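[1] Got a predicted structure here, sequence first:
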Amino acid sequence: MNFMTIFNTVLTFLAEMSVGDGLRYIGAGLAVFTGFAAAIGEGNVAAHAVDAMARQPEMAGNIRTTMLIGQAVSETTGLYGLIIAILIVFAA
Amino acid sequence: MNFMTIFNTVLTFLAEMSVGDGLRYIGAGLAVFTGFAAAIGEGNVAAHAVDAMARQPEMAGNIRTTMLIGQAVSETTGLYGLIIAILIVFAA
Amino acid sequence: MNFMTIFNTVLTFLAEMSVGDGLRYIGAGLAVFTGFAAAIGEGNVAAHAVDAMARQPEMAGNIRTTMLIGQAVSETTGLYGLIIAILIVFAA
């Protein structure tokens, strides 16, 4: 048992990537995958913005500003995912 | 039991790709898969843009500009996924 | 039981593809699967474009141009998935 544990540890150290490290990268992928919903939400905002613009052309500037503010708020969760993914990738 | 574990560990070490590396590439695929939603969101924006253009033809230029701005914001999360995927693929 | 385990391990070693390699290809498939959504989004754009064209026939050229621009933007994430999938397939 003692010998085996030492031997196993040495070999794991010499191998390129352990299962634990591989699982870590799956975690990173899952973290950045949060942006999935942000992209759908932002597309939805822009889709309704162009509709609104066609309905009230004189409000075009105001509609575009509101669209960008709404998208910026929706983007935040995607950024959270990106930050955590980077932290996971560069974790020791 | 003792011998088997040693033998198994050595063989795993000699194989070309470890399970950990395979899991790492699943993480990379999951990261770039974030673009899935960006494509749906951007398509939704463009679909509503052509509708809006048909409703207010004189706003066509303005609508197209807003469409591209909205799509650019929606694209960002897809780019986050691409960046993380490249980081994972070329991770040591 | 002991003999069977040894025999099994040797055969696994001699086989062409390790579990790690198999997982790697799942990652590649997942990466290129991103194009799934690009196809839906782009089809949605074209579907609304022909509707809009029927509503405002004199805007046909403008609508077609906008459709192609919107589809090109939506295509990008599918291309990201293709690039990552190729990187994964040809990874060492």
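    Happy to help now that I have it. Numbers count the residues shown, from 1 in each chain, chains lettered A, B, ... in the order given.

[2] Just give me the neighbour total for the residue of chain A found nearest chain C.
    In chain A, the residue that lies nearest chain C is A:Gly22 (7.9 Å; C-beta to the nearest C-beta). All C-beta spots, glycine's among them, are computed from the backbone N, C-alpha and C. By other C-beta atoms under 10 Å in any protein chain shown, 22 other residues sit near A:Gly22.

[3] how about it, what does it touch?
    Neighbouring residues of A:Gly22 by C-beta atoms under 8 Å, 6 or more residues apart in numbering or on different chains: B:18-24, B:26-27, C:23.

[4] what about 10 Å?
    Applying C-beta atoms under 10 Å, 6 or more residues apart in numbering or on different chains to A:Gly22 gives the contacts B:18-27, C:20, C:23.

[5] Looking at chain A, which helix is longest?
    Secondary structure assigned by DSSP state H gives helix A:60-89 as the longest helix of chain A.

[6] now that helix and helix B:60-89, what's the angle there?
    0 degrees (axes from the mean of the first three to the mean of the last three C-alpha atoms, to 10 degrees).

[7] any idea of the pLDDT on the residue nearest to A:Phe36 when sequence neighbours are not counted?
    Once flanking residues are discounted, A:Phe36 sits nearest to B:Ala37: 4.1 Å by C-beta to C-beta, 6 or more residues apart in numbering or on different chains. As summarised for this prediction, B:Ala37 has a pLDDT of 93.

[8] so A:His48 touches A:Met67, yeah?
    Yes - the pair A:His48 and A:Met67 passes the contact test of C-beta atoms under 10 Å, sitting 8.2 Å apart.

[9] the more surrounded of these two?
    A:Met67 (23 against 18).

[10] secondary structure class for the closest residue to that one other than its chain neighbours?
    Closest residue to A:Met67 apart from its sequence neighbours, by C-beta to C-beta, 6+ apart: A:Ala49 at 3.9 Å. The three-state label for A:Ala49, taken from DSSP: H, G, I helix; E, B strand; the rest coil, comes out as helix.

[11] Any idea how many residues pack against A:Ala49?
    So A:Ala49, with other C-beta under 10 Å, has 28 neighbours.

[12] Same check on A:Thr66?
    14.

[13] Could you do the one 5 residues further on as well?
    For A:Gln71, the count of nearby residues is 23 (other C-beta under 10 Å).

[14] ok, the residue lying closest to A:His48 once chain neighbours are set aside - contacts?
    Spatially, and ignoring its direct neighbours in sequence, A:His48 is nearest to B:His48 (7.1 Å; C-beta to C-beta, 6+ apart). The contact partners of B:His48, taken as C-beta under 10 Å, 6+ apart, are A:43-44, A:46-54, B:63, B:67, B:70, C:44-45, C:48, C:52, C:70.

[15] Out of the helices and strands in chain A, which is least certain?
    helix A:2-14 (a mean of 61; mean pLDDT, DSSP states H and E).
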